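J.: pasting a predicted model and its sequence here:
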Amino acid sequence: GQQVMQIPQYQHVQEGEDFTTYCNSSTTLSNIQWYKQRPGGHPVFLIQLVKSGEVKKQKRLTFQFGEAKKNSSLHITATQTTDVGTYFCAGPERGAQKLVFGQGTRLTINP
Amino acid sequence: KAGVTQTPRYLIKTRGQQVTLSCSPISGHRSVSWYQQTPGQGLQFLFEYFSETQRNKGNFPGRFSGRQFSNSRSEMNVSTLELGDSALYLCASRRGGTGSTNEQFFGPGTRLTVL
């Protein structure tokens, strides 16, 4: 079945440093979604990318969807302690209303 | 608008027992999906219900089942609990249907511990 892989699994940065997580799918995706889960919380939708090569920004967060629609990245500029959490990418399985999640990247920040 | 609610929030059971978890989606949302989250396996899709019909099913044994009611509320049941079923069970709702967005709204989850 479809697999979605994320790297790195963990990332620890100093506050103010940048952070990037990468997501790769074994199959072409119709869209990709990103979620953030704070410690002890539940996943919260951040954004959806649909078009090949699409780039979207939300303040310090930049999301990209690869040209082949098989990979994506999330980049955070100048991290803040509020960015702590696990970031998941997720893509729909072809032909199904089923989201396949990556394993997530857990971001911790040293203030 | 109220968010997705799940009950109970915490549950402790013993092996062999069964458990029923409940999820109330956001008003107007007809699609409810269930996920199992564990540290080792991440977020694993269990099943999705839309207008009382199961639309998709993940790769879980038949001990895991669910249903959806006419008011879109959903329940999932796990029978003959095993230690490995200990996890956070999340439900997520979305409007569903033609033209709706894919954004899923997650509930706070039910933390199930099997002893």
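T.: Yep, it's here.

J.: get me the contact residues on chain A for chain B.
T.: Contact residues, chain A versus chain B (Cβ under 8 Å from any Cβ of the partner chain): A:1, A:31, A:33, A:35, A:41-45, A:48, A:88, A:90, A:92, A:96-104. Quick note: C-beta positions are derived from backbone N, CA and C, even for glycine.

J.: show me the shaky parts of chain A.
T.: Along chain A, the parts satisfying pLDDT under 70 run over A:95-96.

J.: repeat that with 80
T.: In the predicted model, chain A carries pLDDT under 80 at residues A:1, A:94-97.

J.: from the residues of chain A next to chain B, which land in helices?
T.: If you go by DSSP state H, those have nothing in helices.

J.: out of the residues you listed, which end up buried?
T.: Listed as buried from these are A:31, A:33, A:35, A:42-43, A:45, A:48, A:88, A:90, A:92, A:96, A:98-104; burial here means 16 or more other Cβ atoms under 10 Å in any protein chain shown.

J.: give me the pLDDT value at the closest residue to residue A:103 other than its chain neighbours.
T.: Once flanking residues are discounted, residue A:103 sits nearest to residue B:42: 4.5 Å by Cβ to Cβ, 6 or more residues apart in numbering or on different chains. For residue B:42, the model assigns a pLDDT of 83.

J.: right, and residue B:42 touches residue A:100 too?
T.: No: look at residue B:42 against residue A:100 with Cβ atoms under 8 Å: they stay out of range, at 10.1 Å.

J.: need the contact list for the residue nearest to residue A:103.
T.: A:88, A:101, A:102, A:103, A:104 (Cβ atoms under 8 Å, 6 or more residues apart in numbering or on different chains).

J.: who does the spatially closest residue to the second one that is not a sequence neighbour bridge with?
T.: If I follow you right, that is residue A:101. For residue A:101, ignoring the flanking residues on the chain, the nearest one in space by Cβ to Cβ, 6+ apart is residue B:43 at 4.0 Å. When assigned by DSSP bridges, residue B:43 has beta-bridge partners residue B:37.

J.: which residues does residue B:43 contact?
T.: By Cβ under 8 Å, 6+ apart, the contact list for residue B:43 reads A:43, A:88, A:90, A:101, A:104, B:35, B:36, B:37, B:90.

J.: partners of residue A:55 in the sheet?
T.: residue A:64.

J.: how many residues are close by it?
T.: 11 (other Cβ atoms under 10 Å in any protein chain shown).

J.: now do residue B:39
T.: Residue B:39: 7 surrounding residues under other Cβ under 10 Å.

J.: how near is it to chain A?
T.: Distance of residue B:39 to chain A, computed by Cβ to the nearest Cβ, to the nearest Å: 10 Å.

J.: go on, residue B:41?
T.: 8 Å.

J.: in this structure residue B:83 contacts residue B:13, no?
T.: No: assessed by Cβ under 8 Å, residue B:83 is found out of contact with residue B:13, at 10.5 Å.

J.: so for the two, which residue has more residues nearby?
T.: Ranked by neighbour count (other Cβ under 10 Å), residue B:83 and residue B:13 place residue B:13 first, with 16 against 10.

J.: how much space between residue A:3 and residue A:61?
T.: The gap separating residue A:3 from residue A:61 is 25 Å, by Cβ to Cβ, to the nearest Å.
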